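Undergrad: output the structure for:
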Amino acid sequence: MNRAATVFRKEFRGYFISPIAYIVISVFLILTGWFFFSTFFLFGQAEMRSFFSLLPVIFSFIIPAVTMRLFSEEFNTGSYELMLTMPVSPPDIIIGKFTAAVAFVAVMLAPTLSYGIFISFIGDLDWGPVAGGYAGALLLGASFSSIGLFASSLTRNQIIAFITGMSFCFVLTLMDKMLFFLPEGALNFFQYMGAGFHFQNISRGIIDSRDILYFLSICFVMLYATNLVIRERK
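TA: Model (predicted):
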């Protein structure tokens, strides 16, 4: 765990050394702020449901942009081979990079708490669903981070890693929105596989163990797949 923590500190610090982190956070806040406040005054309701409904789609291309460099950049520059000479194992590297990405997502979400504070001044905001929404956002962000990390481990090209990760995330996000194309017998299965379905449940303040298990399962499967890819490269 100490070795994974060392990798975490290196990667998390690396986000804020380059301008990419500030650009990604700025784009995220501009998009969410614009879409949220452009509809908030139309409905006139003291809630953040419209904000959370946007997150799966926005995360689908924001988070792959955050994770695309984690392995691809090191493969391209040759620094990964140097890392292997140090006393760290592939799981240490993967866990360190994954937790750094999740921590960055948490930092990116933190300024949006001001939306809830603003709403509470002009209306009676129910903080229960808001807390559930942020818990769901972290689980969704962790799942998409694991997918992005896996995509980054497949190639040394960051653009390819970004497109691959974004494609995976969009499929999971839109899967439960495309059910009308599917036969009736397959509806329940594909609905359960959709990330948006599980996220919306949590964002309403409904804490169901099946939704939590879904996101944790994605994290485990993607991190395990990343470990297999990294071991094969080694």
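
Undergrad: can you list the buried residues in the lengthiest helix in the chain?
TA: In the chain, assigned by DSSP state H, the helix with the most residues is helix 127-153. Buried residues in helix 127-153, defined by neighbour count with 16 or more other C-beta atoms under 10 Å: 129-130, 132-134, 136-153. (C-beta placed from N, C-alpha, C; glycine too.)

Undergrad: now do stretch 220-234
TA: Within stretch 220-234, the residues scored as buried using 16+ other C-beta under 10 Å are M222, L223, A225, T226, N227, V229, I230.

Undergrad: I'd like the mean pLDDT over that stretch, please.
TA: Average pLDDT, stretch 220-234: 88.

Undergrad: what sits up against that stretch?
TA: Outside of stretch 220-234, the residues within contact range by C-beta atoms under 8 Å, 6 or more residues apart in numbering are 71, 75, 84, 90-91, 93-95, 98, 143, 146-147, 149-150, 153-154.

Undergrad: returning to that earlier point: okay, the buried residues of stretch 220-234 in TSV with distance to I117 and secondary structure next?
TA: Written out in TSV, the entries for the buried residues of stretch 220-234 read as follows (distance: C-beta to C-beta, whole Å; DSSP: H, G, I helix; E, B strand; the rest coil):
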residue	distance to I117	secondary structure
M222	34	helix
L223	35	helix
A225	40	helix
T226	37	helix
N227	41	helix
V229	42	helix
I230	42	helix
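
Undergrad: tell me which of those residues is nearest to V102?
TA: Nearest to V102 out of the buried residues of stretch 220-234 is L223 (C-beta to C-beta; 11.4 Å).

Undergrad: gap between the closest one and I230?
TA: 10 Å (C-beta to C-beta, to the nearest Å).

Undergrad: likewise for F104?
TA: 21 Å.

Undergrad: ok, I202 next?
TA: 31 Å.

Undergrad: what segments of this structure are helices?
TA: For the chain, applying DSSP H gives helices covering 2-17, 20-43, 49-67, 69-77, 79-84, 90-109, 113-122, 127-153, 158-174, 187-193, 195-203, 209-233.

Undergrad: worst average pLDDT in those helices?
TA: Mean pLDDT is lowest for helix 187-193 out of these, coming in at a mean of 68.

Undergrad: list the contacts of the residue nearest to the spatial centre of the chain.
TA: With distances taken as C-alpha atoms, centre = their mean, G141 lies nearest the centre of the chain, 2.4 Å away. By C-beta under 8 Å, 6+ apart, the contact set of G141 is F59, I63, V102, V105, A106, L109.

Undergrad: thanks a lot, see you next time.
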